[in-house]
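Peer 1: test case, fold it:
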Amino acid sequence: MAFLPNWRNAGHLASVLLMALLLSCGGGGSIPPPPPPEGSLRVYNGGNLAMWNLHVTPSSSSSWGVDQLAPSTLIPGDSLTLTRLYPDTYDVEARFSDGSFDRVYDVRIQDGLTTVLTMMDTGNGAVAVFNNSGLTINGIYLTLASSSTWGPNQADQPLYDLQTLTLTGVSPGTYDMKVVFSNGVAVYPPLFTVASGTVTTIQVN
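Peer 2: Take a look at the predicted model:
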């Protein structure tokens, strides 16, 4: 007697084998790798002239690299956001329509955060406040050493441990600073000097 195969069972077996093959090849939905670390830099034109060129390069680089604005310009009050920057420190140079430039060095880019930088044709500097205290900072007050008042709170949101807040557009001069923690305790870092085109880093312990 001739043997007749059971086609229903054979088809079921083929389906099982096909599913096993797909699973072995990753067709079962493998977990994608985590995205690479990256931050952003938002540059404002805080001056009175059009910004013609903008260069952003790692601080370890020996050249300024490509113009991030080309072929456009950035009018006063407008901003440009550069994304997908690997967390590191960067140097930033802006050149304006009258040939003047503003440079800020060692701007810190952090994973998942947007660093805001105001570039001006007046030769200002910047102050980077690094929280290394283990506490949360709720208040940062900055004033010229010759002033008798503290002025407004420069921290518009809490600055958590190991985070940095960069205050831009700071006129050159000698400054006092008051830092207030979330528990109400205040500390006063030593006097420091801000120079044109540079970032002065203040570490709060």
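Peer 1: where along this protein do the helices fall?
Peer 2: Under the criterion DSSP state H, helices of the chain are mapped to 7-24.
Peer 1: where does it have low pLDDT?
Peer 2: Residues of the chain meeting the criterion pLDDT under 70: 1-29, 98-99, 123, 197.
Peer 1: 90 instead?
Peer 2: 1-36, 47-49, 65, 95-105, 120-126, 151, 156, 166-172, 195-200 (pLDDT under 90).
Peer 1: where along it do the strands fall?
Peer 2: 39-45, 51-58, 79-85, 88-96, 101-109, 114-119, 125-131, 137-144, 164-170, 173-181, 186-187, 192-194, 199-204 (DSSP state E).
Peer 1: which parts of the fourth one are buried?
Peer 2: It refers to strand 88-96. 90-96 (16 or more other Cβ atoms under 10 Å). Just so you know, the C-beta spots here come from the backbone N, C-alpha and C atoms, and that holds for glycine as well.
Peer 1: likewise for the last one?
Peer 2: By neighbour count on 16+ other Cβ under 10 Å, the buried set for strand 199-204 is 199-202, 204.
Peer 1: do the fifth one as well
Peer 2: Residues of strand 101-109 classed as buried: 101-104, 106-109 (neighbour count, 16+ other Cβ under 10 Å).
Peer 1: got it, and the second one?
Peer 2: Burial within strand 51-58, assessed by neighbour count using 16+ other Cβ under 10 Å, is assigned to 51-57.
Peer 1: got it, and the first one?
Peer 2: When burial is assessed from 16+ other Cβ under 10 Å, strand 39-45 yields the following buried residues: 39-41, 43-45.
Peer 1: including distance to Val179, could those go into JSON lines?
Peer 2: As requested, those are exported to JSON lines (distance: Cβ to Cβ, whole Å):
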{"residue": "Gly39", "distance to Val179": "24"}
{"residue": "Ser40", "distance to Val179": "26"}
{"residue": "Leu41", "distance to Val179": "25"}
{"residue": "Val43", "distance to Val179": "26"}
{"residue": "Tyr44", "distance to Val179": "25"}
{"residue": "Asn45", "distance to Val179": "30"}
